[in-house]
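Undergrad: Sequence unavailable; structure follows:
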């Protein structure tokens with residue numbers, strides 16, 4: 001397994017967010033983690049990256065448990081991971097070219113190598129001709145593609161996506177999900193996508209992990225998940241509410 005989560009727990013203040021999450025992710029997989037807002041999906045990504053520590057449990061990346069490691073020990077392992085944040089998290093004072101090159105410059109790669117790598121990845125993500133634009137000049141979909149280019153330029157083994165289609169129109173969402181799937185196949189990076197967008201699940205996932213009540217309630221194929229008759233799963237997929245919704249007349 002590339003990634004193995006064992007009985008993770010995490011509280012934020014008085015809120016128990018994760019209550020024994022266990023999950024295995026094999027190399028080159030495309031996994032969608034789904035669940036209601038506030039279920040702990042983004043917290044799970046932050047734990048995997050080592051940005052926060054669990055209250056208990058283990059996070060195995062290959063043969064290494066990440067939980068006891070300090071920043072210095074985590075640094076080389078983080079270089080094998082890429083992250084695409086929900087809002088893109090681009091540096092607004094850098095143009096497209098410099099945003100994408102940031103990771104390679106931080107690792108002190110030769111500038112000629114950086115320019116070639118940036119040119120290749122921008123062409124692959126249909127961003128050629130936009131190299132000198134600032135983030136404020138880009139559409140939402142283009143900002144997502146720039147963030148994606150920055151995440152994959154160093155060819156990570158693991159790429160994490162936090163709500164990659166949030167705020168996009170249906171066409172933009174389809175473009176991004178197609179890219180995520182294709183880049184997984186091209187580069188062989190294990191892909192974990194946090195989303196509540198069922199269209200993204202259909203287009204991306206090989207497996208779906210449903211996070212509910214602080215635990216992984218179900219892991220299955222997207223077809224099984226979307227057609228499930230289990231009440232909890234069906235309610236989530238179809239947006240059903242068991243209690244009167246806010247604003248119900």
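TA: Received it, and whenever you're ready, just let me know what you need. Everything numeric in this text was worked out from a predicted model, so none of it was measured.
Undergrad: Need the pLDDT of the residue nearest the centre of the chain.
TA: In the chain, the C-alpha closest to the average C-alpha coordinate belongs to residue 161, at a distance of 1.6 Å (C-alpha atoms, centre = their mean). For residue 161, the pLDDT comes out at 95.
Undergrad: Go ahead and confirm it touches residue 190.
TA: No - using C-beta atoms under 8 Å, residue 161 is not in contact with residue 190; the gap is 11.6 Å. C-betas here are computed from N, CA, C, even on glycine.
Undergrad: about what we covered before: adjacent strands (with direction) for the host helix or strand of the residue nearest to the centre of the chain?
TA: Per DSSP states H and E, residue 161 falls inside strand 158-162. Next to strand 158-162 in the sheet, as set by DSSP bridges, lie strand 81-84 (parallel), strand 190-194 (parallel).
Undergrad: Residues contacting the shortest one, please?
TA: When contacts are taken as C-beta atoms under 8 Å, 6 or more residues apart in numbering, the neighbours of strand 81-84 outside the stretch itself are 45, 48-49, 144, 147-148, 150-152, 154, 156-162, 164, 189.
Undergrad: what packs against the biggest helix by length in the chain?
TA: Determined from DSSP state H, the single longest helix within the chain is helix 170-187. With contacts defined as 3 or more C-beta pairs under 8 Å, 6 or more residues apart in numbering; DSSP states H and E, helix 170-187 has these neighbours: strand 30-34, helix 140-152, strand 158-162, strand 190-194, helix 198-204.
Undergrad: Quick check: residue 31 vs residue 207, distance?
TA: Distance, residue 31 to residue 207, using C-beta to C-beta, to the nearest Å: 5 Å.
Undergrad: and if you look at residue 201?
TA: 10 Å.
Undergrad: shared neighbours, those two?
TA: With C-beta under 8 Å, 6+ apart, residue 201 and residue 207 have common neighbours 32, 222.
Undergrad: what's the closest non-adjacent residue to residue 132?
TA: Leaving aside its sequence neighbours, residue 132 sits nearest to residue 95 (C-beta to C-beta, 6 or more residues apart in numbering; 5.1 Å).
Undergrad: swap that for residue 217, sorry
TA: Nearest non-adjacent residue to residue 217, counting by C-beta to C-beta, 6+ apart: residue 210, 4.8 Å away.
Undergrad: ok, residues contacting the helix or strand containing that neighbour?
TA: Element membership of residue 210 [criterion: DSSP H and E] is strand 207-212. Applying C-beta under 8 Å, 6+ apart, the contact partners of strand 207-212 are 21, 23, 29-36, 39-41, 44, 201, 216-222, 225, 232-233, 236.
Undergrad: if we can go back for a sec, per-residue confidence for the residue nearest to residue 132?
TA: pLDDT, residue 95: 96.
Undergrad: residues in contact with it?
TA: 131-134.
Undergrad: any idea how far residue 215 is from the nearest residue to residue 213 once chain neighbours are set aside?
TA: Leaving aside its chain neighbours, residue 213 sits nearest to residue 19 (7.2 Å; criterion: C-beta to C-beta, 6+ apart). Counting by C-beta to C-beta, the gap from residue 19 to residue 215 is 6 Å.
Undergrad: out of the two, which sits in the busier spot?
TA: Taking neighbours as other C-beta atoms under 10 Å, residue 19 and residue 215 compare with residue 215 leading, 19 against 15.
Undergrad: Can you give me the neighbour number for residue 193?
TA: Residue 193: 29 neighbours (other C-beta under 10 Å).
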